[in-house]
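Undergrad: kindly return the folded structure for what I paste below:
(chains A and B)
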Number of protein chains: 2
Amino acid sequence: MKWCRYEGPTGPAYGLVEGDTVFELAHAPYETVTRTGKSHALASLKLLPPVVPGNFYAAGRNYVSHVHWANDYHRMTLSVPTQADIGYRSPNALTGSGSDIVVPRNSTGSIEFEGEIVAVVGRKAKHLTEANALDCICGYTLGNDLSERAYQKSDSTLWRAKNIDTFKPMGPFVVNGIDPMAQTIGVRVNGKTVSEYNTADMIFSIAHYIARMTEFVTLHPGDVIWMGCDGPTLPALQTGDLVEVVNDSLGVLANRVTKEI
Amino acid sequence: MKWCRYEGPTGPAYGLVEGDTVFELAHAPYETVTRTGKSHALASLKLLPPVVPGNFYAAGRNYVSHVHWANDYHRMTLSVPTQADIGYRSPNALTGSGSDIVVPRNSTGSIEFEGEIVAVVGRKAKHLTEANALDCICGYTLGNDLSERAYQKSDSTLWRAKNIDTFKPMGPFVVNGIDPMAQTIGVRVNGKTVSEYNTADMIFSIAHYIARMTEFVTLHPGDVIWMGCDGPTLPALQTGDLVEVVNDSLGVLANRVTKEI
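TA: Sure, this is the predicted structure:
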């Protein structure tokens, strides 16, 4: 199953994606799939982030070579994690595929992509084991965990480096029936592939994260868990660039970089 | 105006609080106040967190003497902030006044209260100035930013120290018409006052935070901004303790400490 969320004529709506057509749903398809009878051409729709997460989790550092690269290139002092401590992002920053990334007026830092696989929670869950952890996940999507590296150095939190408006593109669809631990995630800038890695290289698996998280926190439908990225996150994005996170099953999350006027 | 959110017979509902009576509302009173005609005795209700925040902001360190105390007592290495960088908490951790705080089975650390004033956003806002920042706030409530200090030391993020289920009591009401920068916030444990400070001692005012935040992020109705606490946060809470955050205008946020079975 593949579904999306979009700006409908009477407000945001969920829709089932079949080929080039989107069949409107009466509600998010976590428990049941209820078609309203309306449909739209996919290409005609403004896509929104496919869910509105109540809780926005992010693994951050979850690939060894990304940590080493960040330390070497950006002179950061990140350690390779020895336990799966989840981090956070903020929903205000989410934007859908096809929407612009808006770099703030006063930004002076390097704007860098981080293309990631995202697990979408479909049912309330606590105290899962690694064996049954993925049962609470209704599908996967793509995320671009954009970072502004000057803010990341100057601020005591990641609020401006990672959580400003439009800095968290997510989408285009939620797709189930894939193996999330064997996906090639690519990033293209202006059509040229600049990053490619496999989710098999995660330090801690999605199931491991979920089992550990649910020892302490309840997951809720719509919550998202961004799993981090591998390798370098360059070239830095420039105004006008089209950045795309791509995966054969999950589609293309495409956003244009603009500067705040 | 004073309002709350509670577990109604058909699910969560918002209500206007007048004396000992709660008048049910058709929706959250951000723009208009629409009574349904139903009412309840306040004492009969199970209160919920008064809002469901889309974004949960927390100032963290925003009082000088709290920073010094944490460094001296807990041997932390916190600096006094030189700019208002906002932090985050996670909505899964919210619980209402009257509900239990549940300490995880494997917790070994000190469980400490942090009684705070919380600003509740009532309308969408960006690019505010300090002069008009508070126009977007529909009222104030109380928060208890509970911390588990062993997790705070062992983990690379604050996820278990501050964001586990029930560790963010918030409520009991949202109240407007007060000066948020001249409030005495007290904390009682088992009826005895153990902390008392004035919000006038914030390093950065609520208006300053909001002006700075909205240069980069859009605020939305229901978003909350927890403003930090002053002074020591002891004695550590024990199973069975009743911890109350109190303010003359905002009421009493009361929660019992229990241990997960």
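
Undergrad: I'd say A:H220 and B:N92 touch.
TA: Yes: using CB atoms under 8 Å, A:H220 is in contact with B:N92, at 6.7 Å. All C-beta spots, glycine's among them, are computed from the backbone N, C-alpha and C.

Undergrad: which other helices and strands does whichever strand or helix holds A:V245 contact?
TA: In this structure, A:V245 is located in strand A:242-247 according to DSSP states H and E. Helices and strands touching strand A:242-247, by 3 or more CB pairs under 8 Å, 6 or more residues apart in numbering or on different chains; DSSP states H and E, are strand A:115-121, strand A:137-144, strand A:184-189, strand A:251-259.

Undergrad: quick check: closest non-adjacent residue to A:V217.
TA: Spatially, and ignoring its direct neighbours in sequence, A:V217 is nearest to B:N92 (5.1 Å; CB to CB, 6 or more residues apart in numbering or on different chains).

Undergrad: which bits of chain A sit near chain B?
TA: A:52, A:54-55, A:57, A:60, A:79, A:81, A:83, A:85-88, A:90-93, A:104, A:106, A:126, A:155-157, A:159-160, A:163-165, A:213, A:215-220, A:223 (CB under 8 Å from any CB of the partner chain).

Undergrad: from these, which would you call buried?
TA: A:54-55, A:57, A:60, A:81, A:85-88, A:90-93, A:104, A:155-157, A:159-160, A:163-165, A:213, A:215-220, A:223 (16 or more other CB atoms under 10 Å in any protein chain shown).

Undergrad: just the residues you listed: which are in strands?
TA: Of those, the ones assigned to strands by DSSP state E are A:57, A:87-88.

Undergrad: related to what we said a few turns ago, overlap of the contact sets of A:H220 and B:N92?
TA: A:54-55 (CB atoms under 8 Å, 6 or more residues apart in numbering or on different chains).

Undergrad: what pairs with the strand holding A:V245, and is each one parallel or antiparallel?
TA: strand A:184-189 (antiparallel), strand A:251-259 (antiparallel) (DSSP bridges).

Undergrad: just want the angle from the first one to strand A:137-144.
TA: Here strand A:184-189 points in a direction 30 degrees away from that of strand A:137-144 (axes from the mean of the first three to the mean of the last three CA atoms, to 10 degrees).

Undergrad: quick check: next helix or strand after the helix or strand encompassing A:V22?
TA: Counting by DSSP H and E, the element that carries A:V22 is strand A:21-25. Next in sequence after strand A:21-25, counting helices and strands by DSSP H and E, comes strand A:35-41.

Undergrad: show me where chain A has its helices.
TA: Applying DSSP state H to chain A gives helices spanning A:64-74, A:149-154, A:159-162, A:206-213.

Undergrad: name the nearest residue to A:G228, ignoring sequence neighbours.
TA: Distance criterion CB to CB, 6+ apart; nearest residue to A:G228, sequence neighbours excluded, is A:N62 at 3.4 Å.

Undergrad: sorry, slip of the keys, the one I care about is A:T21.
TA: A:S39 (5.4 Å).

Undergrad: report how many residues lie close to that neighbour.
TA: Using other CB atoms under 10 Å in any protein chain shown, the number of residues around A:S39 comes to 14.

Undergrad: hang on, it packs against A:F23?
TA: Yes: contact criterion CB under 8 Å: A:S39 and A:F23 qualify, at 4.9 Å.

Undergrad: may I ask which helix or strand of chain A has the lowest mean pLDDT?
TA: Across the helices and strands of chain A, mean confidence by mean pLDDT, DSSP states H and E is lowest for helix A:64-74: a mean of 92.

Undergrad: for that helix, name the packing helices and strands.
TA: Contact partners of helix A:64-74 among helices and strands, from 3+ CB pairs under 8 Å, 6+ apart: none.

Undergrad: for A:C4, give me its contacts.
TA: Contacts of A:C4 (CB under 8 Å, 6+ apart): A:14-15, A:17, A:22, A:45, A:47, A:50, A:171-174.

Undergrad: quick check: closest non-adjacent residue to the residue of chain A positioned farthest from its centre.
TA: Taking CA atoms, centre = their mean, the residue of chain A most remote from its mean C-alpha position is A:G37, at 29.7 Å. Distances taken as CB to CB, 6+ apart put A:E24 closest to A:G37, at 7.6 Å, once the chain neighbours are dropped.
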